[in-house]
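Participant: Fold the stuff below for me.
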Amino acid sequence: MTRGRLRVYLGAAPGVGKTYAMLGEGRRRHERGTDVVIGFVECHDRPRTIELLDGLETVPRKTMEYRGTTFTELDMDAVIARAPRVVLIDELAHTNVPGSRNAKRWQDIEEVLAAGVDVITTMNVQHLDSVNDVVEQITGVPQRETVPDEVVRRADQVELVDMTPEALRRRMAHGNVYQAEKIDAALSNYFRVGNLTALRELALLWLADKVDDQLDRYRADHRIDKTWEARERVVVALTGGPEGDTLIRRAARIADRAKGSDLFAVHVTVGDGLTGASPADLARQRALVESLGGTYHQVVGDDIPQALLDFARGVNATQLVLGASRRGRFAQLFSRGVGVTTTALSGAIDVHMVTHEEVSQGRRRSVRAGGLTGTRKGIAFGLAIVGLPLLTLLLANLRGQLSLASQILLFLVAVVAVALTGGLYAALFAAVAGSLLLNYYFTPPIHEFTISEWENALALGAFVVVAIAVSVVVDLAARRTREAARASADAEMVSNLAGSVLRGESTPGDLLERLRTAFGLDSVTLLERRPGAPMTPGRQGDPGCWRIVATVGGAPCCSPDEGAAEVAVDDDLTLALRGRTPSAADQRVLEAFAAQAALALRQHRLAEEAEQVRPLAAADRMRTALLAAVSHELRSPLASAKAAVESLRTAEVTWTEGERDELLATADESLDRLARLVANLLDMSRLQAGLLGVTAEPVAVAELVPHAIDDLSETGAGVRVRLPAGLPDVLADPALLERVLVNLISNAVRYGSAEQPVLITASVHADRVELRVVDRGPGIPEVERDHVFLPFQRLGDRDNDTGVGLGLALSRGLVEAMGGALDPEDTPGGGLTMLVTLPAYIPEPSLMSHLDSVQERRGR
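Facilitator: Below you'll find the model as predicted:
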């Protein structure tokens, strides 16, 4: 079955018109005869958006119950059963109601796409995983609903619904986004011009990266090697020498001149000799590149200029920064050098030759035997062709002065020189040619290919054997050197790869991108076998048996058989490579990359599982504490009530009216304590199990505090309230917050000083409201502060009537359930201050529209 196509309307902020654009596209397709249905759309009571629903079929939503509230969600099974050509599904980042098959709506959409249905959806940039923390820094509002970037990057189309900050604020002021009572708060908080400008820039930059990926894929699919200067990309070549720092900083300044440019650093490990680069220097330069916002890459190549240009063209670079040659003038006479050669072959890429203090200072590295390149072999053959006749002419003029043995030794020196230069085949050629020249010109009878004396024949034979032996040894040394160089380069690449994975710096996509650039591949895809898919050889190439975990580069492979090569990780994971076919020598490195990619994938999944298990572990610890302490806490009020009731029932004692009232009061108080304890136990258990209903809504602190004091009756008579004017509302559950305040005020009155009443104050810091309950009692030692928030912990366990018991543990749990925090502080001058921190009410659109819809359903 062909997978459906995904189109995403991306907005910088709520209210820019994503849903309107999605519905408009749906209507245009419907008018052209396409089968279009609405799966889930939130109109937010906007009239112009609601008008676009007319004439479009809507798939009924699925109704779900959670914590006493009815919710409606996308019914993806009904959509799949309806099988339209296109379905409109709003809010890609939406979190489904607990109990749904998938936790997130984007996972629902993945199933719809897998069923062959095209999907059009919407989302805001703040919901992207990669920019989530940046958005929180800008706006001060944490975004709990996120979508992995890879999901959006895989979309077939991503269209930005753009609007200037001023235009969006005008829309809001005209009432086109929010209801009138929410406009002022929104304009002064989330929808400030600075916030909207920053969010718009984030959206534009992220979409530019997405467009850049599409451009790379297009160029790879169409085999376009020429540079397209759609965006500035600066590549700096590093040798590992001391000039590297200068080159990196120079390249970073060049990249900074263009907004949104990319910086790449590349080190080429030559395949024909051991590199002289210092691993420590390269590691330090890599850290410098990454600190400047660039990325470090390493490639292997026999021809350094060509390897540099291949990498630069692979990343669509526009500028290449090289250091001026460190070789001396004498060396430059025999070879143009990397810089000059690269400049001549660069084509449309601008090459910057940067001078530095190491110019003409030499390479400062030990000389190592290198492998034999084609150039060296050509020089060796030329040396044999030209040098041997010249040596023959010289020795012919000295015929009477040198013996045959001396002449053979001189020819042997020439053959050894050829062997050292060009290896086996050039040396064999020189040995055969030298033996023929010696035989014809210097061995009696002269000018004939015959030998009159057996000693001369033995000498010529020894000459040929020695020449061949030297040639073999030189060629073997060159091969071993080449293998060692390649092994060193592979080891360094794998070491860098493993280090980044162990440090948690690389995702599977990052590793695949490194693999693609290192081997010059068109695309790399990590495939995972679908659960239940057959493992028979005949089904290995079936795309329906595999799903794409991560992919980079051009068109992805949907099955292992679609690539030029595959690297199996295990029975369920495999890498599919598209482009050139890797050599057998590359296989070990490819397997290392595949193993590290699988390790990174497993790390990511384990982290997700650990995050899901963490609340369960906390709930289990709490239940253990509850069971350990419940017998002690229940025994005290039960014993008091039982003793009072038994005393009243006894016939042996005659009680006065006052004594009977006192016993009844004792029983009543004990039973009240027991009722509160049971209620707290039940609420704590529900809270830890996630079953306690928490309905966040705007709460006026100035209205709630008096209600909490009234609940305390005479206990709260002396409490003073000092709240600042203009205190914003908090986002909390009013019933639960009132209960927290009752607990805190009750404890403060119980422990506070009789001379100085309890004080309640509040203040605002950034997007949080801090509410303080201040007493002047003995306080709590700092080492004991964490203990008092454990269930059934009393300050000193001095008696059964005083102490904080379960109250503070439950209070902290309730506050944290509302997205806040409860912490103790010292009161200046003595005493304890309980600090309740809650989020200030900021009418962030997605949250407020959700709350409004919940309240509307409750009202109905």
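Participant: Any figure for the gap between the nearest residue to I80 once chain neighbours are set aside and D108?
Facilitator: Using CB to CB, 6 or more residues apart in numbering and skipping residues adjacent in sequence, the residue nearest I80 is A115, 4.6 Å away. Yep, even glycine has a C-beta here, placed from its N, CA and C like the rest. Counting by CB to CB, to the nearest Å, the gap from A115 to D108 is 11 Å.
Participant: if you count what's nearby, which of these two comes out ahead?
Facilitator: Between A115 and D108, D108 has the larger neighbour count (other CB atoms under 10 Å), namely 26 against 16.
Participant: Would you confirm that the more buried one contacts N102?
Facilitator: Yes: at 5.2 Å, D108 counts as touching N102 under the criterion of CB atoms under 8 Å.
Participant: pLDDT value on the residue minimising distance to the centre of the chain, please?
Facilitator: With distances taken as CA atoms, centre = their mean, the residue of the chain nearest its centroid is T507 (5.9 Å). We have a pLDDT of 72 for T507.
Participant: overlap in contacts of D108 and N102?
Facilitator: Taking CB atoms under 8 Å, 6 or more residues apart in numbering as the contact rule, D108 and N102 both touch N96.
Participant: So the residue nearest to I80 is in contact with D77, correct?
Facilitator: No: look at A115 against D77 with CB under 8 Å: they stay out of range, at 9.9 Å.
Participant: Let me see the ranges of the strands in the stretch 301-450 of the chain.
Facilitator: Ranges of strands within the stretch 301-450 of the chain are 319-323, 350-354, based on DSSP state E, counting those that start in this stretch.
Participant: Would you mind finding the most buried of those strands?
Facilitator: With neighbours taken as mean count of other CB atoms under 10 Å, those reach their highest mean count in strand 319-323, at a mean of 24.
Participant: Run through who's touching that strand.
Facilitator: 232-237, 239, 241, 243-244, 246-247, 250-251, 254, 308-309, 312, 338-339, 342, 346, 349-354, 356, 358.
Participant: Pretty sure G777 sits against L832.
Facilitator: Yes: using CB under 8 Å, G777 is in contact with L832, at 6.4 Å.
Participant: Look up how far S291 lies from the residue nearest to the centre of the chain.
Facilitator: 20 Å.
Participant: And for L835?
Facilitator: 38 Å.
Participant: show me where pLDDT drops low in the stretch 1-150 of the chain?
Facilitator: Counting by pLDDT under 70, the low-confidence segments of the stretch 1-150 of the chain come to 1, 67.
Participant: which secondary element of the chain has the worst mean pLDDT?
Facilitator: helix 845-859 (a mean of 46; mean pLDDT, DSSP states H and E).
Participant: among the contacts of strand 319-323, which are in helices?
Facilitator: Of the contacts of strand 319-323, the ones assigned to helices by DSSP state H are G244, T246, L247, R250, A251, I254, L308, L309, A312, V338, G339, T342.
Participant: list the contacts for the residue nearest to the second one when sequence neighbours are not counted?
Facilitator: What that stands for is T246. Closest residue to T246 apart from its sequence neighbours, by CB to CB, 6+ apart: H356 at 4.7 Å. Each residue near H356 by CB under 8 Å, 6+ apart is listed here: E243, T246, L247, G323, A324.
Participant: Could I get the contacting residues of the third one?
Facilitator: Residues counted as contacts of L247 (CB under 8 Å, 6+ apart) are V236, A237, L238, V321, L322, G323, V354, H356.
Participant: From V289, how far off is the second one?
Facilitator: The reference is to A237. 12 Å.
Participant: what does the fifth one give?
Facilitator: According to CB to CB, L322 stands 15 Å off from V289.
Participant: Run through the neighbouring helices and strands of the helix or strand where L515 lies.
Facilitator: Per DSSP states H and E: L515 is located in helix 508-519. Where contact means 3 or more CB pairs under 8 Å, 6 or more residues apart in numbering; DSSP states H and E, helix 508-519 is packed against strand 295-301, helix 454-502, strand 523-529, strand 546-553, strand 573-578, helix 587-649.
Participant: Flag every buried residue along that helix.
Facilitator: P508, G509, D510, L511, L512, E513, R514, L515, R516, T517, A518, F519 (16 or more other CB atoms under 10 Å).
Participant: and of the ones in helices among the contacts of strand 319-323, the nearest to D672?
Facilitator: A251 (75.0 Å; CB to CB).
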